[in-house]
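Enquirer: here is a sequence with its predicted model. Questions after.
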There are 2 protein chains.
Amino acid sequence: MREVKVSLFGFGNVGRAVARVLVEKGRLFRERYGVSLKVVSIADTSGVVWLPEGIDLRGALLIKETFGRLSSWTNDYEVYNFTPEEAVREIDADVIVDVTNDRNAHSWHLTALREGRAIVTSNKPPLAFHYAELMGEAEKRGIPYLFEATVMAGTPIIGLLRENLLGDTVERIEVVLNATTTFILSRMEMGLEFEGALRQAQKLGIAERDPSGDILGIDAGYKATILHCVAFEPITFNEVNVKGIAEITRGEVQRARAKGKTIRLIATVERGEVTVRPMEVPLGSPLAVESHENAAVIWTDLLGKMVVKGAGAGPKETVSGVVSDIMKASLKLKAG
Amino acid sequence: MREVKVSLFGFGNVGRAVARVLVEKGRLFRERYGVSLKVVSIADTSGVVWLPEGIDLRGALLIKETFGRLSSWTNDYEVYNFTPEEAVREIDADVIVDVTNDRNAHSWHLTALREGRAIVTSNKPPLAFHYAELMGEAEKRGIPYLFEATVMAGTPIIGLLRENLLGDTVERIEVVLNATTTFILSRMEMGLEFEGALRQAQKLGIAERDPSGDILGIDAGYKATILHCVAFEPITFNEVNVKGIAEITRGEVQRARAKGKTIRLIATVERGEVTVRPMEVPLGSPLAVESHENAAVIWTDLLGKMVVKGAGAGPKETVSGVVSDIMKASLKLKAG
């Protein structure tokens, strides 16, 4: 049995779902993989709870859900005011799990890699702006840097492109990467104007209060950038052409429908060229997704065309990718 | 640069396509992976060509295509009359590639593993009847035993289930695994009776002269057995319930169509229970495939439902899986 020490950064919806899966499936993972995961620290915006012997995850969930912040847990645990930078230096962990929204996380990812710690992340900006540097550091040191959950939640398109199809040359990917825009466009097909559809998405918690990341195509752009890095070569988000759905009218959506088509926010990824824009796709196409599904069509020289379709959002669905990556990193540590 | 010695067993359509890809993409693989593949032997039913310094693949392709058998190559090469058993013992290779139809290959696969050689195979019966023994031997020795091309050609469903979704528990897989039956059923939808549709498939080279493996569901049953072994636990083909399409009538096919459905040969894989049988699926379903596509719907506890769809047959499409596995094995050898 290999014991793997995990530092968890971020204890929002996704972070708590990670903790819940580790509680519920810890025994299964020990049996299935011979790996025992021990969470030695959890950080939220209020502070860092750290215990080298391993944190009681049920307790952490209870505190967070009751008081809204980990720093209320002063009866049982010391709470530290580390910056992430300090935390990845101080805390002895094998795997760093970043489920934060920290836009500047790349600097502490680099520090963690230099400390010899594997990284599992669902946080997109570090990869969308610093892929070459981060991956260069990880490869130089032979340390896993894993990010399945950054694109299509746990639907394993990253694993598929990074670790499979190794003899193929990818020619082109067309993909729906953002579920919020799909929701809004679907509601516009039912007759709402853009503003009304957006308000409905916000009321249901599907769009954020500041919805610009989704509706301007930035979220999809980050993900498309990451796909290009994996399928072709490193680029940054600054090189990507992005057009969101804010200018789409109900009339356009309904005219498309009348032609047997549907407008979706489509990313097209080819070598050296990434475009995100609303496009008409035929209703029978794999890209004519509904609800929280994402879908990718991948063309390669040997295989021809293949399709991957699955959840693109949701805490449990995101955790599927995060936990798979934690196990991947752990198995690598176990073997090496 | 790591040099990896490959022994190729089988030089039919798939074996020759492997050789062609290694010729065309060898330089790319050296640049991309730092791996140089050297084919040290090729076996067809006429004999084994063996040269430790590496065989000229263009020459081998020319001889085979001109004379129909490798044993005609006596000007340049020694041709040996090894059994596969002898060949895997005698020939110093890192990776054995089995693209034969040898139903008894499991015995020489075991020998090869015991000699410390990695195996890449597209040959189904060894896995459908001896998965536990073969995988046990491979795991005990830490040697790659890879079989992406046995199920859905190169569409990476095996890699997806074996090396991704590691935190998920698979609950159920529904999958179309045989393209010949799809072709026959499609022709019956157009008005042909079963016999006529089968003859057309044979004329086009889609069905074999003895079509029983396809139409009785045996080929799909082998593949479904392998999926069960990977997603759940080892079983053998003898434990699988298989019903083919030979008793389906044109009337049934057309009545389904009138209801907005289509009959396809569907494998259902759940823990301890594998069934292959013709079923009605709605026309909008991912399982309502056409032509040479296969499709799988996978349900798991965390991710919910995902779909993988892609080529299920064809030499190039099969070679996609074989060559990806050769690179996987080579990268493992390089790292280890």
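Expert: Thanks, I have the structure now.

Enquirer: domain assignment for chain A?
Expert: A:2-153+A:316-335, A:162-312 (automatic domain parsing).

Enquirer: redo those as JSON lines? Include distance to B:V88 and mean pLDDT.
Expert: The way it works is simple: take the backbone N, C-alpha and C, and place the C-beta from them, glycine included. Compiled in JSON lines, these are given as follows (distance: least, Cβ to Cβ, whole Å; pLDDT from 0 to 100):
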{"stretch": "domain A:2-153+A:316-335", "distance to B:V88": "25", "mean pLDDT": "96"}
{"stretch": "domain A:162-312", "distance to B:V88": "23", "mean pLDDT": "96"}
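
Enquirer: and those: which comes nearest B:N75?
Expert: Nearest of the domains of chain A to B:N75, taken as Cβ to Cβ: domain A:162-312 at 31.4 Å.

Enquirer: for whatever residue of the stretch 101-250 of chain A ends up closest to chain B, what are phi and psi?
Expert: Nearest residue of the stretch 101-250 of chain A to chain B (Cβ to the nearest Cβ) works out as A:G167 at 3.0 Å. For A:G167, the backbone dihedrals (degrees, to the nearest 10) come out as phi -90, psi -10.

Enquirer: contacting residues for it?
Expert: For A:G167, the contact set (Cβ atoms under 8 Å, 6 or more residues apart in numbering or on different chains) comprises A:L302, B:V21, B:K25, B:F29, B:V319, B:S320, B:V322, B:V323, B:S324, B:I326, B:M327.

Enquirer: repeat that with 10 Å
Expert: A:G167 makes contact with A:300-303, B:18, B:21-22, B:25, B:28-29, B:32-33, B:154, B:319-328 under the criterion Cβ atoms under 10 Å, 6 or more residues apart in numbering or on different chains.

Enquirer: what sits closest to it if chain neighbours are left out?
Expert: Distances taken as Cβ to Cβ, 6 or more residues apart in numbering or on different chains put B:V323 closest to A:G167, at 3.0 Å, once the chain neighbours are dropped.

Enquirer: Three-state assignment for the one you found, please.
Expert: Classification of B:V323 using DSSP: H, G, I helix; E, B strand; the rest coil returns helix.

Enquirer: cross-check the contact I'm expecting between A:R187 and A:A207.
Expert: No - counting by Cβ atoms under 10 Å, A:R187 stays clear of A:A207, with 11.0 Å between them.

Enquirer: between those two, what contacts are shared?
Expert: Common neighbours of A:R187 and A:A207, using Cβ under 10 Å, 6+ apart, are A:A197, A:L198, A:R199, A:Q200, A:A201.

Enquirer: turn the residues you listed into TSV, including secondary structure, neighbour count and distance to chain B.
Expert: Shown next, in TSV, are the shared contacts of A:R187 and A:A207 (DSSP: H, G, I helix; E, B strand; the rest coil; neighbours: other Cβ atoms under 10 Å in any protein chain shown; distance: Cβ to the nearest Cβ, whole Å):
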residue	secondary structure	neighbour count	distance to chain B
A:A197	helix	24	24
A:L198	helix	24	26
A:R199	helix	16	27
A:Q200	helix	15	23
A:A201	helix	22	20
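
Enquirer: of all the residues you listed, which comes closest to A:Y145?
Expert: A:Y145 lies nearest to A:A201 out of the shared contacts of A:R187 and A:A207, by Cβ to Cβ, at 32.9 Å.

Enquirer: residue contacts, the spatially closest residue to the closest one that is not a sequence neighbour?
Expert: Nearest residue to A:A201, sequence neighbours excluded (Cβ to Cβ, 6+ apart): A:A207, at 3.8 Å. Applying Cβ under 10 Å, 6+ apart to A:A207 gives the contacts A:T180, A:T181, A:F183, A:I184, A:A197, A:L198, A:R199, A:Q200, A:A201, A:G213, A:D214, A:I215.

Enquirer: the second one against A:G221, yeah?
Expert: Right, the one you point to is A:T181. No - using Cβ under 10 Å, A:T181 makes no contact with A:G221, being 11.8 Å away.

Enquirer: more crowded one of the two?
Expert: Taking other Cβ atoms under 10 Å in any protein chain shown, A:T181 and A:G221 do not tie; A:T181 has more neighbours (29 against 26).

Enquirer: what's around the nearest residue to the more buried one once chain neighbours are set aside, how many residues?
Expert: Closest residue to A:T181 apart from its sequence neighbours, by Cβ to Cβ, 6+ apart: A:L265 at 4.2 Å. Residue neighbour count, defined by other Cβ under 10 Å, stands at 28 for A:L265.

Enquirer: check A:M327 too.
Expert: A:M327, neighbours per other Cβ under 10 Å, totals 24.
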